[in-house]
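> Prediction below, plus the sequence it came from.
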Amino acid sequence: MRNEDAIPGATPTLEQARKQIERYGLDADPQAVLVAVRLMATGARLDRASEVHFSRSGLSTGRYRLLVDLEDSGGEKSPSQLAKSLDVSRATVTGLVSGLEREGLVARRASAEDGRGAVVVLTARGAQQLRDMAADHFARLESLVDGLTADERGLFLDLLERITRRIGALTAE
């Protein structure tokens, strides 16, 4: 970790988790709470870092994800398909598409399957944008995890998948 990445007091400790649990008189596993809290804090930091990273290419994380999703889908998708695959609302997709369309990275056209509907199409300029940023983007992604061995990365992927399946624990009624 670089010195500028370290924020004093920003990383919760096991002792802090224990004290909070004791303060509220709860019967909770401090380590489990600490893992969840650190995961959420790391996610928030990754979100902020991603926005800085993609802004170098004139994009946001959402715009990048939409472009990649289109590219991975053969270059076109309906707005509702994009919303589903990106796990965002139709309104969010509309906003992302509008901005990307203004920049010439995507276009809207009538659906060949359903003349009433529209599809979003990745333009040649949008595909070129992805190609232009690929080398730097993938190098930075590798650098993010270069402190982990291949076995550790495999374990981490498994752990992330297991945690992802439990995200509903935060939103359940």
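That came through fine. Computed from a predicted model, the values in this text were never measured in an experiment.
> Contact partners for residue 11?
38, 41 (C-beta atoms under 8 Å, 6 or more residues apart in numbering). Where you see a C-beta, it was placed from the backbone N, CA and C, and this is true even at glycine.
> what do you get if the cut-off is 7 Å, keeping everything else the same?
residue 38 (C-beta atoms under 7 Å, 6 or more residues apart in numbering).
> Could you list the low-pLDDT ranges of this structure?
Within the chain, the set of residues satisfying pLDDT under 70 comprises 1-10.
> okay, which residue of it is out on the far edge from center?
What lies farthest from the middle of the chain is residue 25; by C-alpha atoms, centre = their mean that is 35.4 Å.
> Give me the three-state assignment for that one.
Secondary structure state of residue 25, per DSSP: H, G, I helix; E, B strand; the rest coil, is coil.
> change the start of the numbering to 39 and stick with it
Let's use 39 as the start, then, which means that last one is residue 63.
> List phi and psi for it.
Main-chain dihedrals, residue 63, degrees, to the nearest 10: phi 60, psi 40.
> Distance of it relative to residue 70?
17 Å (C-beta to C-beta, to the nearest Å).
> what does residue 141 give?
44 Å.
> For the nearest residue to residue 104 once chain neighbours are set aside, grab the count of nearby residues.
In space, not counting the residues next to it along the chain, residue 104 is nearest to residue 134; the distance is 5.0 Å by C-beta to C-beta, 6 or more residues apart in numbering. By the criterion of other C-beta atoms under 10 Å, residue 134 has 25 neighbours.
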